[in-house]
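Peer 1: Below are the sequence and a predicted model for it; my questions follow.
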Amino acid sequence: MDVTSFGIDHNILLRGIYVSRKDTVENGVLTTFDIRMKEPNREMVMDTAVMHTIEHLMATFFRSHSLWAEKTIYVGPMGCRTGMYAIFKGDLESKDVADIFKECYNYMSHFSDELPAAKAEMCGNYLDHNLEITKIECKKFADEVLACLKEENMVYPRQTK
């Protein structure tokens, strides 16, 4: 079984931006990023309304970005509710996406318009959103992690067993 995240030592994993996996598709590479907003098993996870709101805002940000729209394959929540996944075209490293994620989290932490696609005809669970807590979570991640990224916030700790 080769599930990359199962080989990561979640007991010491920090918040950050990590390369989760790289997949070759035809003549290109897709890079999956683990945007870890919470320390697993040590911090309270985000509730589903916050994760859902981040998903809507992050998707809107990347899909409408002049440079990243064409590179964006997917953004979505982790099942464990400690962060998000983002898949981009290209053979990328964490340092390659640090600035765009700083921009994205700044966008989300200051968002004040009507939440994109939060209507019954556009979303399968349109009532499950919380913009105010989302803004708090995004600002905390931007200020405490993205503003001062270090290697330990961008390289997975591997299990030694």
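Peer 2: Everything's here; your move. Numbering: from 1, shown residues only.
Peer 1: what comes up buried for stretch 111-126?
Peer 2: Burial within stretch 111-126, assessed by neighbour count using 16 or more other Cβ atoms under 10 Å, is assigned to 111, 115-116, 118, 123. Just so you know, the C-beta spots here come from the backbone N, C-alpha and C atoms, and that holds for glycine as well.
Peer 1: Dump these into JSON lines; add distance to D47 as well.
Peer 2: Listed next are these as JSON lines, based on distance: Cβ to Cβ, whole Å:
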{"residue": "F111", "distance to D47": "18"}
{"residue": "L115", "distance to D47": "16"}
{"residue": "P116", "distance to D47": "20"}
{"residue": "A118", "distance to D47": "16"}
{"residue": "C123", "distance to D47": "17"}
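Peer 1: Next step: these restricted to strands.
Peer 2: In strands, defined here by DSSP state E, there are no members of the buried residues of stretch 111-126.
Peer 1: Out of these, flag the one nearest to D91.
Peer 2: Within the buried residues of stretch 111-126, the smallest distance to D91 is 30.0 Å, found for P116 (Cβ to Cβ).
Peer 1: in which helix or strand would I find the nearest residue to that closest one once chain neighbours are set aside?
Peer 2: Of all residues beyond its chain neighbours, the one nearest P116 is T60 (4.4 Å), with distances taken as Cβ to Cβ, 6 or more residues apart in numbering. In the assignment (DSSP states H and E), T60 maps to helix 48-63.
Peer 1: That'll do, ta.
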